[in-house]
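>>> Any chance you could fold what I've pasted below:
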Amino acid sequence: MADFVGAVDQGTTSTRFMIFDHGGNVVGAHQLEHEQILPQAGWVEHNPVEIWDRTTTVIATALRSQNLQASDLAALGITNQRETSVVWNRRTGRPYYNAIVWQDTRTDRIASALDREGKGDVIRRKAGLPPATYFSGGKIQWILENVDGVREAAENGDAVFGNTDSWLLWNLTGGVDGGVHVTDVTNASRTMLMDLETLDWDDELLSFFNIPRRMLPEIRPSSDPNRYGVTRAGGPLGGEVALTGDLGDQQAATVGQVCFAPGEAKNTYGTGNFMLLNTGTDLVRSQNGLLTTVCYKFGDADAVYALEGSIAVTGSAVQWLRDQLGIIRNAAESETLAAQVADSGGVYFVPAFSGLFAPYWRSDARGAIVGLSRFNTSSHIARATLESICYQSRDVVEAMEQDSGVSLDVLKVDGGITANQLCMQMQADILGVPVSRPVVAETTALGAAYAAGLAVGFWKSTDELRENWNESQRWQPAWSDEQRQEGFGKWKKAVERTLDWVDVG
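Next up, the predicted model:
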């Protein structure tokens, strides 16, 4: 068997290709950013053609840098920004519109109308999700209603939908020349269109959004021994490789963090924060503002479910300090600037740029910096930004404990912000539990590789994957309970100040 497994990690701001060996170690990687298109307030788009172009480039570059060929890869996995929706023509391969990104809020009226019409409870029960701008269903409806010719093309079978995983899988397997139109259960569970119990598209849910069923991809396991397809010899890999793994990015990170037992949780710090708690084969319905989602499905085994707390703005708040305020030149400077003061000086920053996600689900909220006095400096704002990442995570942890009855003993963390020592110490202080980072911090790509490799026997079992996991660093909480409760109480007050800012019809 070949010595390596490859993984495409198609994220919100960039696309990377990573190559892993049997020990789960990175042996090669390449990454490229893509454009963030912001046509108007609340709208966020990507160019699907640019994403595909970036994907071909990073695959070819990573392989070439290690003098590897397609034949050196036992399998290929894909992980992707979930909910970001692409509608394209299966005959021409051209998208009808830019990809509408998960952060986009243009569908707020669609989401609020679902609740007004009494359909929201059905969506919560069947799909495990609240009606929200976050998910794919409303984005597909918007494209069908607002882009000329798409409705007719969808009805006759020419216009098809996919999150970015489906778009890449279709292109990698030939595109207009026989490309497969598939997704996996984790991505399908983010659409508001799949029934969590049947793991199939649901006609009642489709009717709520007036979406033709024939637009949708076939739903497959996250790790599929029957493989979705093979890469085309003329494509970026230069040869045929089995495509056998597909997971949404946060579920992939959960697999990469080897959270295979009920009660194990991870938190990924990226553009937003995403905490998942494995609930096993039990479908736990949240009463506290969390999402019920599919965690993974390996082959013919039963699906494993999770509770998820999705936070819209964390790492992108640091980007905002850099790009919009100009008070730092790069993300690393946020730590240096914040470390110049002992605390945030009474400042709290709630970065509700796209409304608030879990556990609030308030599309009427907007960002606010509160508690300012003449005394405060850019250092206090930088520190409050890092604290906001940690307080939002505590909101989610508390909801998870209420839903599941499980108290965290330790929080496994991954993603870019885990390089920020100050932020991770704050996270331990604010939660009151240790925070643990693995040696391989890029667990999203690793999880996709694990899913692909399991399907072809490159790894024999999840026990083998557990043996690959090693801790890089652990942060212990240093705050007193009194400090923790006072800070969290003020954070709650700050959140209240962001509500009812935008009128949602």
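
>>> Now do the strand or helix carrying Thr61, average pLDDT.
Assigned by DSSP states H and E, Thr61 belongs to helix 48-65. Here helix 48-65 scores 96 as its mean pLDDT.

>>> Parallel or antiparallel, list what pairs with the helix or strand just after that helix.
Moving toward the C-terminus from helix 48-65, the next helix or strand (DSSP H and E) is strand 73-80. Note on strand 73-80: by DSSP bridges, its sheet partners are strand 4-10 (parallel), strand 242-248 (parallel).

>>> ok, which stretches of the stretch 251-400 of the chain are strands?
Taking DSSP state E, counting those that start in this stretch to define them, one finds strands in the stretch 251-400 of the chain at 265-269, 273-280, 291-296, 304-311, 348-350, 368-370.

>>> Turn those into TSV, columns for mean pLDDT, distance to Val182 and mean neighbour count.
Glycine gets a C-beta too; all of them are placed from N, C-alpha and C. Output for the strands of the stretch 251-400 of the chain, formatted as TSV (pLDDT from 0 to 100; distance: least, CB to CB, whole Å; neighbours: other CB atoms under 10 Å):
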stretch	mean pLDDT	distance to Val182	mean neighbour count
strand 265-269	91	24	27
strand 273-280	92	23	25
strand 291-296	94	15	26
strand 304-311	92	20	26
strand 348-350	96	39	25
strand 368-370	96	42	18
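
>>> Please produce CSV containing those, extended by distance to Glu442.
Conversion of the strands of the stretch 251-400 of the chain to CSV gives the following (distance: least, CB to CB, whole Å):
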stretch, distance to Glu442
strand 265-269, 10
strand 273-280, 15
strand 291-296, 18
strand 304-311, 20
strand 348-350, 28
strand 368-370, 32
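
>>> re the thing from before, how about the strands paired with strand 73-80 in TSV, adding distance to Ile123?
Putting the strands paired with strand 73-80 into TSV (distance: least, CB to CB, whole Å) gives the following:
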stretch	distance to Ile123
strand 4-10	26
strand 242-248	18
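
>>> In TSV, list those strands along with mean pLDDT, distance to Trp88 and mean neighbour count.
Below are the strands paired with strand 73-80 laid out as TSV (pLDDT from 0 to 100; distance: least, CB to CB, whole Å; neighbours: other CB under 10 Å):
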stretch	mean pLDDT	distance to Trp88	mean neighbour count
strand 4-10	97	15	29
strand 242-248	97	18	30
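
>>> closest one to Phe208 among those?
Nearest to Phe208, of all the strands paired with strand 73-80, is strand 242-248, at 21.8 Å by CB to CB.

>>> so the closest one versus strand 273-280, what angle?
110 degrees (axes from the mean of the first three to the mean of the last three CA atoms, to 10 degrees).

>>> In CSV, could you pull the C-alpha coordinates for strand 242-248?
Listed next in CSV are the C-alpha coordinates belonging to strand 242-248 (Å, rounded to 0.1, in the frame of the first residue of the first chain):
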residue,chain,number,x,y,z
ALA,A,242,-9.6,6.9,-4.3
LEU,A,243,-11.8,9.6,-2.7
THR,A,244,-13.0,8.0,0.5
GLY,A,245,-13.3,10.6,3.2
ASP,A,246,-15.6,13.7,3.5
LEU,A,247,-16.5,15.6,6.6
GLY,A,248,-17.5,19.2,7.4
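
>>> and the gap between the residue nearest to Thr462 when sequence neighbours are not counted and Ala301?
The shortest distance from Thr462 to any non-neighbouring residue, by CB to CB, 6 or more residues apart in numbering, is to Phe260 (4.8 Å). Counting by CB to CB, to the nearest Å, the gap from Phe260 to Ala301 is 11 Å.

>>> Could you check which of these two has the larger neighbour count?
Neighbours were counted for Phe260 and for Ala301 using other CB atoms under 10 Å; Phe260 has more, 19 against 11.

>>> In contact with the more buried one, which residues are there?
Phe260 is in contact with 278, 304, 462, 465-466, counting by CB atoms under 8 Å, 6 or more residues apart in numbering.
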